[in-house]
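Undergrad: Pasted the sequence and its predicted model underneath.
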Amino acid sequence: MIFSRFFKALSQIGDRRFQRVLLIGVGLTLALLVAAYALFLGLIQWAVGDTSTLPLIGEVTWLNDLLGWGSFLLMMILSAFLMVPVASAITSMFLEEVAQAVEDRHYPGQGPALKVPFGEALRDTVNFLGVLIGANLLALIAYAIFTPFALFIFWALNGYLLGMEYFQLAAMRRIGRAGAKEMRRKNRLTIWAAGTLMAMPLSVPLINLVIPILGAATFTHIFHAIASRSARGPNG
């Protein structure tokens, strides 16, 4: 079921609504990272000033430049690590459009979806971003201890988080938050496996930026498959 749903989602990647959400998510992510770097650099310049005094050396004027370039390299490294979770979280605010595009093409006649208030969607996005970044930062310890298995830990962790989040987003449009949580609980292993499939390309630059879109589309398909199976019953 998982692979067939994924390829269905992949076949729709040229949809204008998919591309619009991708551009918005990546654009806002880049703007956020640039703003964060500007703030960080400003704090360094404010703390150090134009000149600094070092023991045994005296007054120096090059420390500000050194810290500036050092902060740039640090932010480049962090941005490579944070780009995907930040883009995933920001893009999740606009995934309603992706899910609707999937339903318009593959599941017509569903009727209007439940609308999630913007404030609630923003809160969910902030919570998801915090969990995603926090979990990945803590996972750095596991990567260091279990280095040969670091990639598998990365896939399993992010697969679980992405799977739970994207299935929740897809399901709550149709059965509400409580119903989505219950369905997610009953199908946890399937959702985790599908999330892991989404997490595997996260380590591939550029391709990883498309994953939030494909994830939302894939889990919309998975939700409808599970809902259809549940409606038929065990003997359906």
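TA: Yep, it's here.
Undergrad: Which helix or strand contains residue 43?
TA: Per DSSP states H and E, residue 43 falls inside helix 16-48.
Undergrad: Chain neighbours aside, what residue packs nearest to residue 158?
TA: Sequence neighbours aside, residue 199 is the residue nearest to residue 158 in space, at 4.0 Å (criterion: C-beta to C-beta, 6 or more residues apart in numbering). (Glycine included, C-beta is placed from N, CA and C.)
Undergrad: wait, what's in contact with that neighbour?
TA: 154-159, 162, 211 (C-beta atoms under 8 Å, 6 or more residues apart in numbering).
Undergrad: Need the max-distance pair from these.
TA: Spatially, the most separated pair among these is 156 and 211, at 15.7 Å (C-beta to C-beta).
Undergrad: So those two - more neighbours on which side?
TA: Comparing residue 156 with residue 211 by other C-beta atoms under 10 Å, the one with more neighbours is residue 211, at 24 against 16.
Undergrad: Return the distance of the more buried one relative to residue 106.
TA: 20 Å (C-beta to C-beta, to the nearest Å).
Undergrad: Equivalent analysis for residue 175, please.
TA: 18 Å.
Undergrad: Compute the number of surrounding residues for residue 99.
TA: For residue 99, the count of nearby residues is 24 (other C-beta under 10 Å).
Undergrad: Which residue, other than its chain neighbours, is closest to it?
TA: Leaving aside its chain neighbours, residue 99 sits nearest to residue 220 (4.6 Å; criterion: C-beta to C-beta, 6+ apart).
Undergrad: Double-check that that neighbour belongs to a helix.
TA: Yes: assessed with DSSP: H, G, I helix; E, B strand; the rest coil, residue 220 lies in a helix.
Undergrad: and it, what is it in contact with?
TA: With C-beta under 8 Å, 6+ apart, residue 220 has these contacts: 9, 98-99, 102-103, 170.
Undergrad: And those residues, which is closest to residue 17?
TA: residue 98 (6.6 Å).
Undergrad: Assign that closest one to helix, strand or coil.
TA: helix.
Undergrad: ok, it touching residue 215?
TA: No: Residue 98 is not in contact with residue 215 according to C-beta atoms under 8 Å; the separation is 9.0 Å.
Undergrad: Where do the helices of this protein begin and end?
TA: Using DSSP state H, the helices found in the chain span residues 2-10, 16-48, 63-92, 95-106, 118-145, 150-186, 188-199, 211-232.
Undergrad: Tabulate the ones you listed (JSON lines), appending distance to residue 112.
TA: Below are those laid out as JSON lines (distance: least, C-beta to C-beta, whole Å):
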{"stretch": "helix 2-10", "distance to residue 112": "22"}
{"stretch": "helix 16-48", "distance to residue 112": "17"}
{"stretch": "helix 63-92", "distance to residue 112": "21"}
{"stretch": "helix 95-106", "distance to residue 112": "10"}
{"stretch": "helix 118-145", "distance to residue 112": "17"}
{"stretch": "helix 150-186", "distance to residue 112": "10"}
{"stretch": "helix 188-199", "distance to residue 112": "25"}
{"stretch": "helix 211-232", "distance to residue 112": "15"}
